[in-house]
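Asker: Quick one: sequence and predicted model below, then my questions.
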Amino acid sequence: MEGGHQQPPDSRVPHFSVRLSRLGYRTSKDPSNGAPMILPVHQRLRAAIAARLTEVYGLAPAEQPVITIDYAPNRELGDLAVPVAFELARRLRKAPRAIALELAEALGAVDGFARIEAAPNGYLNCFLDRAAFLTARLLPQTPAGGPADQGKTIVEHTAINPNKAAHIGHIRNSALGDTLVRVLRFRGVPVEVQNYIDDTGVQVADVVVGFETLEQISLDDVRALAAQPRFDYHCWDLYARVTEWYEADKTRLAVRLKALHDIEHGGNPTAAMGALVADAIVRRHLETMRRLHIEYDLLTWEGDILRLKFWARAFEILKQQGTVYLQTDGRLAGCWVMAIDDGESGGQGELGEQGGSGEPVDEDAGREKVIVRSNGTVTYVGKDIAYQFWKFGLLGLDFKYRRFATRGDGQPLWATTSDAAHDTPGHPTFGGAGTTYNVIDVRQSYLQKLLKQALAAMGHTRQAERSIHFSYEMVALSHATARVLGYAPPADDVKKPFVEVSGRKGLGVKADDLMDLLERTATSEVFRRNPELSADEVARTGSEIAVAAVRYFMIKYSRGKVIAFDIDEALSFEGESGPYLQYAVVRANNIFAKLKERTGQDEAAVRAAVETLSADALTGAEGDELWGVVLDAARLDEVVEQVVRTLEFSVLAKHAFGLAQAFNGFYHKAPILNEERPDVRAWRAAGIAYVRAQLTAALDLMGIVVPARM
RNA sequence: GCGCCCGUAGCUCAGUUGGAUAGAGCGUUGGCCUCCGAAGCCAAAGGUCGCAAGUUCGAGUCUUGCCGGGCGCGCCA
């Protein structure tokens, strides 16, 4: 497969619309006023250079190299730096330096730039018009519309088995998924967030077996238990006990099989208990995720996919197209199978003609994937294909919809239903996406590849391309943390760099435990520092800090990396951490609060004040300091563009951290309130107003809010 | 066996359309609170970017081979 480098189809077309108002989970205020950032400047510069390449060297646009835009290592050398002269040196048989000189000369004055000059080594160094740049970004802007319509995008994430408490591995999934949602919305993409609930699987069956056979309690007893605050914790332990129970005597697995069967068929006490457990656990998961500022638009229940015969329809289509066919001999005789393309094409577009017809020869074993077992039941892949077809609107069937709960923002959270009596008129339209992202860990890569293949084999090559597996590595435990949890590793494991989390064994850090611990730590610290705050404010702030700590922690690693979760590291609020970022903005906010207090000047006034001032404060060594932070802040749109293109969120995390660092450095070096020179003070205030808005926006993309005090 | 991912400072990691002296946090050492909040700032020490070839004006980044580690390849999900 393409590994970590799938590209969403629209990623090469930058657009600059900013709809920050839609980002806010808690606030509806647009933190950056929809101001333009750096990408429009890139665009303008690129266009100007391209025009000169044609003019001076007769290079038609098609013959030109891609004009990359870098940043000069420091502000004295310039702001943007273009190495295009190196690229052209051979073709033009000229030294890079000479080309750069000619280009600089030909470029003359470019709108928005103070000057563009050739560096001795051949770079084209571009100096922005600092005052104009900053001033333009301080003015309120009307956001542009969304991108050219590509249809909506569905992001599926979380999808925790509804049979036990969520753990840190699930947090990584949800944090990545939710950040993806925020980042896409930032770019103006309409996004529908779905959480898939596997309510009819083995895992739920196992917990039901636990209640029915191990604990031997009634449906009413379970209902009473489920009303307890942390029912999911109870199930966490029970699930581990059931696993042990099976292991002690393998014949007991027959009990599981029967439970699973009953649950799938419905209309019996076991199924009723399964439904009760799943519903209660899902509600617990939603609470856990809400603590992390994560919400969904739709819960998709696997049981509804079964009951509404989505699979039957998908199966018909697949049979009709010959994508899935009945194997008549060999070890898979009696199964309906799909041909697997193990070829080098890696799931790209041209799979279409393969597997479209009749009887592929079964030479090697392993070239076919069972979709329907010889006993007539459908595998997980089959159900997933049906779901994926529905997501793209290719199934010709739809769910019924019911209100499931109310989200943190007051909007309804919808769930699928197969019961016409519960269908709620006026529900939004779900499904029918142009692009889907499935946020699932890397171990599912093989199956996600099959999913793409199924789409491609059906002739839906465009949907196959836009069916994106957002994969990421596991969260494991550091040895130190595993030890704290009372885990004594077997001899083999000691050598491994980390300890694998196991829901089955009940080994792992529960999400709510982690949040509790973080909140307790943060809250006591907030109380110590701000004794005047009310208990409510202290608690809220503690929670906001806890969220920042976890979410930043989950985002800062690249997704291809196993996180060896270490509790002490996660609890650190210093250095490269979420709270560090919040702290920087809190400080900036304090400056503006004090400014208002002392001079009556609000932020709008600060932003406006600068227009009539000379730009001296932005030049020279002193000016470089402020300008450097402003320029860095402006790069958020560029960073987001890269993040969506590469699906690598560490870039966003590092950018925000770097910006906070730059601000903190500036903060110590260059006072605002105590600055004597009025124009210097005004420019600093204006620059920092922009910086804090951009940093706030960046934090918002990570689901982090900025407390009033901390 | 085949496929995918990872290997960068003592530790944990950024560095993703190849671009100017390889960065950060933690840890270590030494400084900075009558001055917008020290969850902070400044400074020092610390690197054969796993190894070897290759492509290129230019390689941590691309290609090939090798070494070390992880994951996947079920009529499980």
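Answerer: Good, I have the coordinates.

Asker: Please make it C-alpha for all contacts and neighbour counts, starting now.
Answerer: Fine.

Asker: Distance of residue A:138 relative to residue A:313?
Answerer: 55 Å (CA to CA, to the nearest Å).

Asker: So for the two, which residue has more residues nearby?
Answerer: residue A:138 (24 against 15; other CA atoms under 10 Å).

Asker: Now residue A:518. Nearest residue, chain neighbours left out?
Answerer: residue A:546 (5.1 Å; CA to CA, 6 or more residues apart in numbering).

Asker: what's around the one you found, how many residues?
Answerer: So residue A:546, with other CA under 10 Å, has 30 neighbours.

Asker: tell me which element it falls in.
Answerer: helix A:535-555 (DSSP states H and E).

Asker: Just the terminal-to-terminal distance for stretch A:643-654.
Answerer: 11 Å.

Asker: Beyond the helix holding residue A:546, next helix or strand please.
Answerer: By DSSP H and E, the next helix or strand past helix A:535-555 is strand A:563-565.

Asker: Now that following strand: average pLDDT?
Answerer: Averaging pLDDT along strand A:563-565 gives 93.

Asker: Okay, strands next: where are they in the stretch 51-200 of chain A?
Answerer: A:70-71, A:80-82, A:113-118, A:124-128, A:153-156, A:191-197 (DSSP state E, counting those that start in this stretch).

Asker: For residue A:314, give me the pLDDT.
Answerer: 94.

Asker: ok, back up a step: pLDDT value on the residue nearest to residue A:518, please?
Answerer: 97.

Asker: Surely it touches residue A:524?
Answerer: No - Residue A:546 is beyond contact range of residue A:524, at 11.9 Å (criterion: CA atoms under 8 Å).

Asker: picking that back up, so which of the strands of the stretch 51-200 of chain A gets nearest residue A:689?
Answerer: strand A:124-128 (19.5 Å; CA to CA).

Asker: Give me the contact list for that closest one.
Answerer: Contact with strand A:124-128 is made by A:72, A:77-85, A:100, A:104, A:112-119, as judged by CA atoms under 8 Å, 6 or more residues apart in numbering.

Asker: Give me the ChimeraX select line for these, limited to the buried ones.
Answerer: Buried subset of those, written as a ChimeraX selection, criterion 16 or more other CA atoms under 10 Å:
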select /A:72,78,79,80,81,82,83,84,85,100,104,112,113,115,116,117,118,119
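
Asker: ok, and of the contacts of strand A:124-128, which contact RNA strand B?
Answerer: Near RNA strand B, judged by CA under 7 Å from any atom of the strand, the entries from the contacts of strand A:124-128 are A:72, A:77-78, A:81-84, A:119.

Asker: Between which two of those is the distance greatest?
Answerer: A:77 and A:84 (16.7 Å).

Asker: Downstream of the helix or strand of chain A with the lowest mean pLDDT, the next helix or strand is which one?
Answerer: Least confident helix or strand, chain A: helix A:491-495 with a mean of 67, by mean pLDDT, DSSP states H and E. Using DSSP H and E, the helix or strand that follows helix A:491-495 in sequence is strand A:499-500.

Asker: if you average pLDDT over that following strand, what comes out?
Answerer: Computed over strand A:499-500, the average pLDDT equals 88.

Asker: same for that strand, what does it pack against?
Answerer: strand A:475-477 (3 or more CA pairs under 8 Å, 6 or more residues apart in numbering; DSSP states H and E).

Asker: Can you tell me which helices and strands the strand it packs on packs against?
Answerer: Against strand A:475-477 (3+ CA pairs under 8 Å, 6+ apart) you get helix A:168-186, strand A:499-500, strand A:563-565.

Asker: and those, which one is worst for confidence?
Answerer: strand A:499-500 (a mean of 88).

Asker: Tell me the strands beside that strand, with direction?
Answerer: Using DSSP bridges, the strands paired with strand A:499-500 are strand A:475-477 (antiparallel).

Asker: any chance of the helices and strands packed on strand A:475-477 in a markdown table, with mean neighbour count and distance to residue A:669 too?
Answerer: A markdown table is the format used below for the helices and strands packed on strand A:475-477 (neighbours: other CA atoms under 10 Å; distance: least, CA to CA, whole Å):
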| stretch | mean neighbour count | distance to residue A:669 |
| --- | --- | --- |
| helix A:168-186 | 24 | 33 |
| strand A:499-500 | 21 | 45 |
| strand A:563-565 | 21 | 36 |
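
Asker: Columns distance to RNA strand B on top of the ones you listed, output as JSON lines?
Answerer: Putting those into JSON lines (distance: least, CA to the nearest atom of the strand, whole Å) gives the following:
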{"stretch": "helix A:168-186", "distance to RNA strand B": "13"}
{"stretch": "strand A:499-500", "distance to RNA strand B": "7"}
{"stretch": "strand A:563-565", "distance to RNA strand B": "5"}
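
Asker: What residues does the stretch 1-150 of chain A have near RNA strand B?
Answerer: A:1-5, A:68-74, A:77-78, A:81-84, A:86-87, A:90, A:119, A:121, A:123-125.

Asker: Any idea how many residues pack against the closest residue to RNA strand B within the stretch 151-300 of chain A?
Answerer: When scored by CA to the nearest atom of the strand, the stretch 151-300 of chain A has residue A:201 as its residue closest to RNA strand B, at 5.2 Å. Neighbourhood size, residue A:201 [other CA under 10 Å]: 21.

Asker: Contact partners for it?
Answerer: By CA under 8 Å, 6+ apart, the neighbours of residue A:201 are residue A:260.

Asker: Could you measure from the residue nearest in space to the middle of chain A over to residue A:548?
Answerer: A centroid search over chain A (CA atoms, centre = their mean) returns residue A:180, at 2.6 Å, as the residue closest to the centre. Taking CA to CA as the measure, residue A:180 falls 16 Å from residue A:548.

Asker: before we move on, what about residue A:581?
Answerer: Counting by CA to CA, the gap from residue A:581 to residue A:548 is 8 Å.

Asker: Please save the CA atoms from stretch A:409-424 in CSV.
Answerer: C-alpha atoms of stretch A:409-424 as CSV (Å, rounded to 0.1, in the frame of the first residue of the first chain):
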residue,chain,number,x,y,z
ASP,A,409,-22.3,22.3,21.9
GLY,A,410,-26.0,21.7,22.3
GLN,A,411,-26.4,20.1,18.9
PRO,A,412,-27.9,16.7,18.7
LEU,A,413,-25.8,13.6,18.3
TRP,A,414,-27.5,11.3,15.9
ALA,A,415,-27.4,7.5,15.7
THR,A,416,-28.5,5.1,13.1
THR,A,417,-31.5,2.9,13.8
SER,A,418,-33.2,0.1,11.9
ASP,A,419,-36.5,0.7,13.7
ALA,A,420,-38.8,2.7,11.6
ALA,A,421,-40.7,3.7,14.8
HIS,A,422,-37.7,5.6,16.0
ASP,A,423,-36.9,7.3,12.7
THR,A,424,-36.9,11.0,13.4
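
Asker: Give me the buried positions along it.
Answerer: A:412-418, A:423.

Asker: overlap between those and the residues near RNA strand B?
Answerer: Checking those against RNA strand B (CA under 7 Å from any atom of the strand), there are no matches.

Asker: Name the residues of stretch A:197-214 that are buried.
Answerer: A:197-212.

Asker: among these, which are in helices?
Answerer: Counted as lying in helices by DSSP state H, out of these, are A:202-209.

Asker: closest to residue A:402 among the residues you listed?
Answerer: Among these, and counting by CA to CA, the member closest to residue A:402 is residue A:204, at 22.2 Å.
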